[in-house]
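# turn this into a model:
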Amino acid sequence: MLDTQPDATPSGILTVADLQERSRNHAHESQILLSGVMKSVTVGNAAYTLVMLAGSSVSPLLWIPFWIDTFATIIVSFTQTNHRLSAVHICS
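Got it, this is the predicted structure:
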């Protein structure tokens, strides 16, 4: 693997500050990736379940618990991941 970042010192040894910054950046980038996956899976699951309900013989009135649960799950996933990203950004 090629090192694309210049070394912090001429001898090639990273300082503690450089390592801390790299760790923070890695955590932030990982959080962004995981939150995007979580949001996509939540919305995709809701769409799949809606299609399955639409193709079934279940009365639309019985879909209400599904819609309440789906709405709550989407709201929680979007607010929690955004809150975590803000906290990571503020801490770094």
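# name the nearest residue to A46, sequence neighbours excluded.
Leaving aside its chain neighbours, A46 sits nearest to T70 (4.5 Å; criterion: C-beta to C-beta, 6 or more residues apart in numbering). Glycine gets a C-beta too; all of them are placed from N, C-alpha and C.
# can you list the buried residues in the longest helix along the chain?
Identified as the longest helix of the chain according to DSSP state H is helix 16-54. Buried residues in helix 16-54, counted by 16 or more other C-beta atoms under 10 Å: Q31, S35, T42, A46, L53.
# and the residue nearest to A46, what helix or strand is that in?
If you go by DSSP states H and E, T70 is part of helix 64-91.
# same thing with S57?
Counting by DSSP H and E, no helix or strand carries S57.
# give me phi/psi at it?
Phi and psi for S57, reported as degrees, to the nearest 10, are phi -90, psi 10.
# that one: neighbouring residues, count only.
Residues near S57, counting by other C-beta atoms under 10 Å, number 5.
# try S56
For S56, the neighbour count with other C-beta under 10 Å is 10.
# measure it to Y48 for me?
In this structure, S56 and Y48 are 13 Å apart, going by C-beta to C-beta, to the nearest Å.
# shared neighbours of these two, which are they?
With C-beta atoms under 8 Å, 6 or more residues apart in numbering applied, the contact sets of S56 and Y48 do not overlap.
# quick check: phi and psi on S56?
phi -100, psi 180.
# state the distance from it to I75.
From S56 across to I75, the span is 26 Å (C-beta to C-beta).
# what of V51?
Separation of V51 from I75 (C-beta to C-beta): 21 Å.
# over to W67?
For W67 relative to I75 (C-beta to C-beta), the value is 12 Å.
# and if you look at A47?
Using C-beta to C-beta, A47 is found at 16 Å from I75.
# cool, and T42?
To I75, T42 is 10 Å away according to C-beta to C-beta.
# coming back round to it: so for the residue nearest to A46, what's the pLDDT?
pLDDT recorded at T70 is 82.
# next, count neighbours for T73.
Residue neighbour count, defined by other C-beta under 10 Å, stands at 14 for T73.
# before I go, just wanted to say thanks for your time.
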